[in-house]
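Student: following is a predicted model, sequence given first.
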Amino acid sequence: MRAPPPAAILLLLVAGCGGGAGRSDAGSGGGAGGSDAGPGATRSYTTTFPLTENPISEGGNWIDGQTDGLDWHDMSTTPGLAIGHQSGSSYTDGTALLTGSWGPTQTAEAVVHASSPQDDCYQEVELRLRSALAPHSCTGYEISFKATKTSGAYLIIVRWNGAVGDFSYLLNVSGAQYGVTEGDVVKATIAGDVITASIDGVEVGTATDATYATGNPGMGMNLETGDPTCVGTNGNYGFTRYTATAGP
């Protein structure tokens with residue numbers, strides 16, 4: 001989702017994106033390693049996106065924004081890269097959530113791919129926590145980093161409330177220090193009601209919200225196409241590796 005100008009109202013996005021419609025317990029991401037322990041134990045999922053899939057599934061371990069949520073866009077993979085497919089309407093981000101049951105203390109971490117950044121395209125890489133996805137509904141928490149290192153970069157943390165365009169900002173900060181580029185590692189954690197974001201191991205922002213106590217980790221990508229030169233640039237940014245962990 002695109003960060004608004006400073007004067008914008010703080011309530012606009014799209015409903016969540018979690019595992020409510022899950023197909024199966026998360027596994028190994030195409031052989032990349034993972035586990036699904038019993039209640040109260042730690043769970044993890046890691047993938048380097050070894051398959052060519054549109055939308056991403058990895059053996060039923062992911063659900064997608066358009067295929068399962070209808071109103072958003074899917075994410076796809078080619079070996080070593082996951083990208084989103086947003087086009088047209090704002091706030092219809094490419095979205096993918098892990099399936100199965102996940103504990104409330106969650107961490108999502110990913111390695112960024114970014115080439116030929118364009119500020120006007122609002123190319124964002126996003127991590128999702130405690131999220132749920134169902135037809136016409138996407139809820140949970142999104143942590144977004146703009147894929148550029150200019151002064152127009154930003155970090156935003158939002159709560160997705162349900163319908164397209166219905167969201168609440170929990171943090172919205174800007175500056176080159178919040179942007180990401182090729183090879184950066186982005187990370188987001190939620191413990192209790194505190195959400196923490198970091199880049200390359202350095203904490204860059206926190207937010208507090210107690211709305212959602214459960215849900216699933218995932219990922220997403222934003223692209224604005226009001227500038228015609230932005231159309232079709234989805235492949236210029238994404239993730240080359242993704243890991244999620246959760247516990248009680």
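Tutor: All right, it came through fine.

Student: gap between I190 and M219?
Tutor: To M219, I190 is 15 Å away according to CB to CB, to the nearest Å. C-beta: built from backbone N, CA, C; applies to glycine.

Student: name the helix or strand of the protein that has the lowest mean pLDDT.
Tutor: The weakest-scoring helix or strand in the chain, judged by mean pLDDT, DSSP states H and E, is strand 34-35 (a mean of 52).

Student: I figured G65 was touching G94, is that so?
Tutor: Yes: counting by CB atoms under 8 Å, G65 touches G94, with 6.1 Å between them.

Student: list residues touching both of these two?
Tutor: Residues touching both G65 and G94 (CB atoms under 8 Å, 6 or more residues apart in numbering): 72-75, 220.

Student: what is the end-to-end distance of stretch 72-84?
Tutor: Chord length of stretch 72-84, first to last residue, is 10 Å (CA to CA, to the nearest Å).

Student: hmm, back to that, what's whichever helix or strand comes after the least confident helix or strand of the chain packed up against?
Tutor: Note on strand 34-35: by DSSP states H and E, the next helix or strand toward the C-terminus is strand 43-47. If you count contacts as 3 or more CB pairs under 8 Å, 6 or more residues apart in numbering; DSSP states H and E, strand 43-47 packs onto strand 34-35, strand 237-247.

Student: winner for burial among those strands?
Tutor: Comparing the helices and strands packed on strand 43-47 by mean neighbour count (mean count of other CB atoms under 10 Å), strand 237-247 ranks first with a mean of 23.
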